[in-house]
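J.: Need a 3D model of the sequence below.
(chains A and B)
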Protein chains: 2
Amino acid sequence: MKLDLSRSVAELTAQIVDIESVSGNEQPLADAIAGALAELPHLSLHRDGNAVVARTDLGRPERVVLAGHIDTVPVHSNLPSRLADGLLYGCGSCDMKSGVAVQLRLAAQLTSSARDVTYVFYDCEEVEAERNGLLRLSRVRPDLLAGDFAVLLEPTGAVVEGGCQGTLRADVIARGERAHSARSWLGSNAIHAAGGILDVLRGYAARQPVVDGLSYHEGLNAVGISGGVAGNVIPDECVVSVNFRFAPDRSGEQAEQHVREVFDGWEVIIADVAGGARPGLGEPAAASFVAAMGGAPRAKLGWTDVARFDALGIPAVNFGPGDPQLAHTQGEHVAIAQIQDCERQMLAWLSQG
Amino acid sequence: MKLDLSRSVAELTAQIVDIESVSGNEQPLADAIAGALAELPHLSLHRDGNAVVARTDLGRPERVVLAGHIDTVPVHSNLPSRLADGLLYGCGSCDMKSGVAVQLRLAAQLTSSARDVTYVFYDCEEVEAERNGLLRLSRVRPDLLAGDFAVLLEPTGAVVEGGCQGTLRADVIARGERAHSARSWLGSNAIHAAGGILDVLRGYAARQPVVDGLSYHEGLNAVGISGGVAGNVIPDECVVSVNFRFAPDRSGEQAEQHVREVFDGWEVIIADVAGGARPGLGEPAAASFVAAMGGAPRAKLGWTDVARFDALGIPAVNFGPGDPQLAHTQGEHVAIAQIQDCERQMLAWLSQG
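T.: As a prediction, this is how the structure comes out:
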């Protein structure tokens, strides 16, 4: 399969959607992308598994990274693509092959941009973190990801979404003492004791801090609870699994410390922590990007791969065509006009100083 | 295998213990019991599967039922029996083959008792209720169980334990609305809502009513809790499984109504209810029994088969050799002296008017 980067971004999106690339099966699409980029003499090309990185080397003072994943969730009777009333339907049309098409069109057209550009196409974003291609690149070739600012072309409805919140999962444990339920007062009921943990959660006042000009919204919630030995036994343990979503003005360590303070006196076992990312909209490249895209940027509340750039010291935002609410739905689609707008806006920004 | 009912109650207990009879495998012991009783001309004998019923028919104004199960929990390297320092060790020695031995010794000796006596030996008490031999008899031959008073020779440490408490299990359900945990305020957390159910349980004041002169002690407890969809989802359901142990001055229906009132406003699904049994110690036969046995009777808090007699309209108590705390333990044992005391006391009570 050969991609023709001289075609319109709409046609290119349809062509990419029609190359099925469910996570783990990205090779045909990665090959097609690498093949098309290899014909562009202004780019140096790198391949790592099913990830492809292409870079300009114009000696500009700033380097921008444009990144997108090329895999999709499983096909659900929504291939091949189809066009109707200005909307392109099909698996991955919204999340995020229209963004990938914008990346490819920019790569083809920007032979002499005002900023150096690194185009990153990676695999396995829709599956467990350990398989994530961007994580793999950040471990084996962090130099390829270096830059002053990164844009992840995930669907945001073409609105700049800055940074992302972090996420922490922990088990908070209530303990008691077993007894026969016919003589319950001889024991101590751990499930009843867990009511104290739920009291803390019910009384928790979540912060809504402004970070780098964007309003975040934290949350501390039980996402699981389990306890019980048998129908006639007073239980001696009850585990409440909590999920703390925290604004990027806290580090992962600070988030952990906060959760331990909130549940002071309870046994707390941290399961995992993924730090968030500051939007960094005060950085010159980011500020000019926001100004060029227009509209009011908003905070990204869910965790995304921008956090990986943040971990590398690179401010990053999410910006791409497609309604994020349509991602992973059978009827996902994207407005052709929105893909075109994104292409035009980013082309203008990268061309000018 | 042949049982010699002329031997001492201690020797007889050892012999019965050595006839392994884990639930479902009672036939050899049931055969031995039926064979021994068949030689006693003052008894009429009935057999139903592995249950054996023997009755005097002396035309006395009162009839007493003495009942015991002949099955045991699984053997755990504790057969054959062994005697040490006046204690008989072995699977079933405490629960409740020493009681069965007392029944058999009484059956052999009481050729002309002051009260008519029905001796019931039944199977499958240690397994799920539907297999219980006493339940089966109560369905197919309730006439065989008829009487004015029943004694279940379960281990009570030779103290009269009157009646039993009932037990009810129910699920109390908190509901909410799912949302992504990064935007938790768009949903409604069912686990947090279940804190209200735990509040009810924590604040519940359990009654300790006196029924027919015995002090019972109720309890309403969570015995299980579960909720959660995924680590990033605000859960829409949390189920608290509760166990209500209720004194025998409430019927099963009243217990259900009480639980519904306590959890007014919550969704309550009753899983099962087993009514308790009043001790009925005011009945003439029961009163004379308590007086004959001596000591202060106490309330039975756990549910036992005396409730089946209660359901048949027959007051019943638990009274037998062996420490109930040793039941189902590998090291279970019984004091020979206590078996002898039980035999002597019951023999005296049944012989006299």
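J.: Now the residue nearest the centre of chain A: which helix or strand?
T.: Taking C-alpha atoms, centre = their mean as the criterion, A:Thr304 is the residue nearest the geometric centre of chain A, at 2.0 Å. Using DSSP states H and E, A:Thr304 sits within no helix or strand.
J.: Mind listing what's buried along the longest helix that chain A contains?
T.: Among the elements of type helix in chain A, defined by DSSP state H, the one spanning the most residues is helix A:336-351. Under the neighbour-count criterion of 16 or more other C-beta atoms under 10 Å in any protein chain shown, helix A:336-351 has A:336, A:338-343, A:345-347, A:349-350 buried. (Each C-beta comes from the backbone N, C-alpha and C, glycine too.)
J.: Okay, now the unreliable bits of the stretch 101-250 of chain A?
T.: Low-confidence regions of the stretch 101-250 of chain A, defined here as pLDDT under 70, do not occur.
J.: Quick one: the strands in it, in order.
T.: A:116-122, A:149-152, A:161-162, A:166-175, A:179-180, A:210-211, A:214-215, A:219-227, A:233-234, A:237-246 (DSSP state E, counting those that start in this stretch).
J.: List the neighbouring strands of the last one plus their orientation.
T.: It refers to strand A:237-246. For strand A:237-246, the paired strands and their directions (DSSP bridges) are strand A:166-175 (antiparallel), strand A:219-227 (antiparallel).
J.: Quickly compare those strands and say which is most buried.
T.: Ranked by average neighbour count under the criterion mean count of other C-beta atoms under 10 Å in any protein chain shown, the strands paired with strand A:237-246 are headed by strand A:219-227 at a mean of 23.
J.: List the residues that contact the nearest residue to A:Ala285 once chain neighbours are set aside.
T.: Taking C-beta to C-beta, 6 or more residues apart in numbering or on different chains as the measure, A:Ala285 lies nearest to A:Phe149, with 3.6 Å between them; neighbours along the chain are not counted. Neighbour list for A:Phe149: A:62, A:64-65, A:280, A:283, A:285-286, A:289, A:314-316 [criterion: C-beta atoms under 8 Å, 6 or more residues apart in numbering or on different chains].
J.: any idea how far A:Phe149 lies from A:Arg63?
T.: Distance, A:Phe149 to A:Arg63, using C-beta to C-beta, to the nearest Å: 8 Å.
J.: can you pull out the helices in chain A?
T.: A:9-17, A:27-38, A:98-109, A:133-140, A:142-145, A:190-203, A:252-262, A:284-293, A:306-311, A:336-351.
J.: Mind listing residues that contact the shortest one?
T.: By C-beta under 8 Å, 6+ apart, the residues outside helix A:142-145 that reach it are A:46, A:53, A:55, A:65, A:118, A:120, A:134, A:137-138, A:309, A:312, A:314.
J.: Make TSV out of those residues and add distance to chain B and neighbour count.
T.: TSV is the format used below for these (distance: C-beta to the nearest C-beta, whole Å; neighbours: other C-beta atoms under 10 Å in any protein chain shown):
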residue	distance to chain B	neighbour count
A:His46	33	17
A:Val53	29	23
A:Arg55	33	21
A:Val65	24	24
A:Thr118	28	22
A:Val120	24	27
A:Leu134	19	22
A:Leu137	25	23
A:Ser138	22	17
A:Phe309	19	27
A:Leu312	22	15
A:Ile314	22	22
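J.: Redo these as JSON lines? Include distance to B:Pro235.
T.: Formatted as JSON lines, those follow (distance: C-beta to C-beta, whole Å):
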{"residue": "A:His46", "distance to B:Pro235": "44"}
{"residue": "A:Val53", "distance to B:Pro235": "40"}
{"residue": "A:Arg55", "distance to B:Pro235": "45"}
{"residue": "A:Val65", "distance to B:Pro235": "37"}
{"residue": "A:Thr118", "distance to B:Pro235": "41"}
{"residue": "A:Val120", "distance to B:Pro235": "36"}
{"residue": "A:Leu134", "distance to B:Pro235": "30"}
{"residue": "A:Leu137", "distance to B:Pro235": "35"}
{"residue": "A:Ser138", "distance to B:Pro235": "33"}
{"residue": "A:Phe309", "distance to B:Pro235": "32"}
{"residue": "A:Leu312", "distance to B:Pro235": "35"}
{"residue": "A:Ile314", "distance to B:Pro235": "36"}
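J.: surely A:Glu20 meets A:Leu79?
T.: Yes - under the contact definition of C-beta atoms under 8 Å, A:Glu20 touches A:Leu79, with a separation of 6.1 Å.
J.: tell me the contacts of whatever residue of the stretch 251-353 of chain A ends up closest to chain B?
T.: Using C-beta to the nearest C-beta, A:Gly302 is the residue of the stretch 251-353 of chain A that sits closest to chain B, at 4.1 Å. Residues in contact with A:Gly302, defined by C-beta under 8 Å, 6+ apart, are A:164-165, B:180, B:182-183.
J.: If you count neighbours, what's buried in stretch A:173-186?
T.: In stretch A:173-186, counting by 16+ other C-beta under 10 Å, buried: A:173-174, A:176, A:178-182, A:184.
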